[in-house]
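Chemist: Quick one, fold the following:
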Amino acid sequence: MRDKSKKIFVAGHKGLVGSAIVKVCKDNGYSNILTRTREELNLTNASAVEEFFKKERPQYVFIAAAKVGGIHANSTYPVQFLLDNLKIECNLIESSAKYEAEKVLFLGSSCIYPRLAPQPLKEEYLLTGLLEPTNEAYAISKIAGIKLCRAYYRQYGKNFISVMPCNLYGPNDNYHPTESHVLPALIRRFHFAKLNNDKEVVVWGTGKPLREFLYSLDCAEACLFLMENCDASEIGEFINIGSGREYPIASLVEYVKKTVGYQGNIVFDHTKPDGTPRKVMDISRITALGWRPKFSLEDGLALAYEDFLKKM
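Modeler: The predicted model follows:
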């Protein structure tokens, strides 16, 4: 993917990862980038996706489109998370193969790993134990996407690769009050607590689970790096992308509190679920290839909060 004139389709370009991929591609001189909004192209509609590929013939495809959400959304709407994500990835991967895309990069999620897998998470731990129940439907859909990409490589020699990013945050994140991931949900909650002069902010769980976070532009840089330099024969089934650093939720909450400027107290609701106890990625394979993250959590949070304020 060194020819800057190649036609690139970024599915999910309005989202957290997709928008970062578009920016990184443009910053690196790629000018022929295809994007479609949800209104322009419904990715769950197989015939619409096929017609798009038949007409446009993208040569490189980043699959960053997905239905995403936090613990509450995943637990409440498992049917939608499973069906929508299966449709999106199957339609995009199948059409990419049918209309001869040169390379596809599918974005999975670290929630695909078993709930109690050894830490840090190595790629070979996939399907070695039970999944976390609170996001099982989403995880299963992502595992299916990984397996489909690998099946196309094994059966037809398609250069389809998959990546597993850790928890991501940054510009164009989802700040929905009930359907967002932990970090954007905390940014929203602390911001409005500050505006309302609330004396306390309630956070789900004990604050003890350990999580890893990566700024979205770092993830996008890693995706472009892999598209430019590594093929399916080298990557294998998939490769992890992460920061290599983990934080207790309680520490993350303090970081967000400081970034937002909230002065009240933090209360942990122990009656609510914690989710997976610990989740940090082993990123030795991708760092050995020459990629490393650039943004610290503090710098990334400041930029994420700036983006949040622009949307309010």
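Chemist: Low-confidence stretches in the chain?
Modeler: Regions of the chain meeting the criterion pLDDT under 70 cover residues 1, 179.
Chemist: can you give me the helices for it?
Modeler: 16-27, 46-56, 71-76, 78-98, 136-156, 182-195, 216-229, 232-235, 249-260, 284-289, 297-311 (DSSP state H).
Chemist: Okay, angle between the fourth one and helix 136-156 too, please.
Modeler: Spelled out, that is helix 78-98. 20 degrees (axes from the mean of the first three to the mean of the last three Cα atoms, to 10 degrees).
Chemist: give me the number of residues near the spatially closest residue to residue 57 that is not a sequence neighbour?
Modeler: In space, and not counting its chain neighbours, residue 57 is closest to residue 99: 5.7 Å by Cβ to Cβ, 6 or more residues apart in numbering. To be clear about C-beta, it is placed using only N, CA and C from the backbone, and glycine gets the same treatment. Neighbour count for residue 99, taken as other Cβ atoms under 10 Å: 17.
Chemist: residue contacts, residue 99?
Modeler: Shown in contact with residue 99 (Cβ atoms under 8 Å, 6 or more residues apart in numbering): 53, 54, 57.
Chemist: can you count the residues close to the nearest residue to residue 280 once chain neighbours are set aside?
Modeler: Excluding the flanking residues, the one nearest residue 280 by Cβ to Cβ, 6+ apart is residue 246, at 4.1 Å. By the criterion of other Cβ under 10 Å, residue 246 has 20 neighbours.
Chemist: Please apply the same query to residue 185.
Modeler: 24.
Chemist: how about it, what does it touch?
Modeler: Counted by Cβ under 8 Å, 6+ apart, residue 185 has contacts 70, 175, 177.
Chemist: From residue 201, how far out is the closest residue to the last one other than its chain neighbours?
Modeler: Excluding its sequence neighbours, the residue lying closest to residue 177 (Cβ to Cβ, 6+ apart) is residue 188, at 6.6 Å. Here residue 188 is placed at a distance of 11 Å from residue 201 (Cβ to Cβ, to the nearest Å).
Chemist: Equivalent analysis for residue 25, please.
Modeler: 38 Å.
Chemist: Surely residue 67 is in contact with residue 80?
Modeler: Yes - counting by Cβ atoms under 8 Å, residue 80 is a contact partner of residue 67 at 6.5 Å.
Chemist: Looking at the two, which one has more neighbours?
Modeler: Neighbour count, other Cβ under 10 Å: between residue 67 and residue 80, residue 67 has more, with 21 against 15.
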